[in-house]
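Trainee: Sequence and predicted structure are below.
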Amino acid sequence: MFKNILLAFDGSAHAQKAAHLAADLARQYGATLCVVHTYDPVPDYLGEPFLQEVISKRTEAADKVMAQALALVGKLPRLETEILEGPPAEAILRVAEVRGVDLIVMGTRGLGQLSGLLLGSQSQKVLTHARCPVLLVR
Ligand code: ATP
Ligand code: MG
């Protein structure tokens, strides 16, 4: 049923659970799994050399988060990754459109500090605007 699954990963406990589930579904359906991680934009008022330094730090941190996701996902015949700059929900929705994703898997919450929240702002946005099923993992 699912051919193209997107996993949104921020390294949080919920996203880790989502990673296991997304990998499991990709295996069962023989689907392609695309793991998406976004990092915060670097303000361009930072002049050189600080700008380059901050960009390098952010991309290195993003690479580490992606490596964690891939370790949780394990081996899959069709596995792809996207590391993007910018707000997570927009990036997730854009990748989903461009790649013709038929299932988005993400955590109910992420790394945000408000533990009382039922649903994080990014999951809420994706759930509201996605054109495919969204599986929220808790
Ligand atoms: P908020 O960010 O609204 O303060 P939160 O961090 O608890 O609250 P979300 O950010 O909505 O909640 O996180 C929910 C899910 O969204 C995460 O489990 C993850 O699947 C996905 N997500 C969040 N941030 C990112 C990101 N930077 N890259 C990829 N996926 C993300
Ligand atoms: Mg968050």
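Mentor: Nice, I can see it. Ligands and ions are numbered 1, 2, ... in the order given.

Trainee: Apart from its neighbours in sequence, what residue is nearest the residue of the chain found nearest ligand 1?
Mentor: Taking C-beta to the nearest ligand atom, ligand 1 has its nearest neighbour within the chain at G120, 1.8 Å off. Every C-beta, even on glycine, is put in place using the N, C-alpha and C of the backbone. Closest residue in space to G120, ignoring its immediate chain neighbours: R109 at 4.5 Å, by C-beta to C-beta, 6 or more residues apart in numbering.

Trainee: Just confirm the one you found is within a strand.
Mentor: No: looking at R109 with DSSP: H, G, I helix; E, B strand; the rest coil, it is coil, so not inside a strand.

Trainee: check contacts around it.
Mentor: Counting by C-beta atoms under 8 Å, 6 or more residues apart in numbering, R109 touches S12, H14, S115, L117, L119, G120, S123, R138.

Trainee: go again using 7 Å as the cut-off
Mentor: By C-beta atoms under 7 Å, 6 or more residues apart in numbering, R109 lies in contact with S12, H14, L117, L119, G120.

Trainee: now E60
Mentor: Residues near E60 by C-beta under 7 Å, 6+ apart: none.

Trainee: how about the top helix by length along the chain: buried residues?
Mentor: Secondary structure assigned by DSSP state H gives helix 50-73 as the longest helix of the chain. Residues R58, A62, V65, M66, Q68, A69, L70, L72, V73 are the ones in helix 50-73 that count as buried (16 or more other C-beta atoms under 10 Å).
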